[in-house]
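**Q** I'll drop the sequence and a predicted model, then ask my questions.
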Amino acid sequence: MKDPNNPCLFCNIKESGCAHENNLAYASYDSYPVSDFHCLIIPKRHIKDYFELSKDELIACDELIKTVKDEIIFKDKSVKGFNLGTNIGKTSGQSILHCHFHLIPRREGDVENPQGGVRSVIPNKQYYKRKK
């Protein structure tokens with residue numbers, strides 16, 4: 001199996017695929033999508049995670065996140081929500097050690113109970129009861 005970190009897959013825009021880009025970042029549709037139109041937003045500079053982003057890179061990624069969100073909603077009217085997240089470090093599930101954000105479109109009924117959303121990264125913490 002090819003190691004996506006050697007060389008870094010996300011440092012090669014042509015290999016990753018590019019749906020949109022600006023000076024500091026690009027967007028690529030995920031090769032292993034969680035849902036249709038699952039997209040990655042990737043800074044062009046090779047950095048390991050969110051905490052190494054410059055302010056300008058963060059703004060560039062944010063602009064692409066919003067551009068891709070609008071494009072997805074235009075293409076697929078069944079999209080009613082999104083999960084937006086990033087994994088930081090191998091312990092959190094980061095497998096390509098180049099900062100990237102996941103923009104995951106959500107549709108009504110795509111899971112039985114969406115309560116907890118991103119909390120499901122630790123399955124027994126997804127569902128909770130609100131304190132009164």
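**A** Arrived safely, thanks for sending.

**Q** From here on, just use CA atoms for contacts and neighbour counts.
**A** Fine.

**Q** what's the distance between residue 75 and residue 105?
**A** 11 Å (Cα to Cα, to the nearest Å).

**Q** Any idea how many residues pack against the closest residue to residue 108 other than its chain neighbours?
**A** Distances taken as Cα to Cα, 6 or more residues apart in numbering place residue 80 nearest to residue 108, at 6.7 Å, with adjacent residues excluded. Residue 80 has 11 neighbouring residues, counting by other Cα atoms under 10 Å.

**Q** List the contacts of residue 80.
**A** Shown in contact with residue 80 (Cα atoms under 8 Å, 6 or more residues apart in numbering): 105, 106, 107, 108.

**Q** quick one on the thing from earlier: give me the more crowded residue out of residue 75 and residue 105.
**A** Between residue 75 and residue 105, residue 105 has the larger neighbour count (other Cα under 10 Å), namely 22 against 11.
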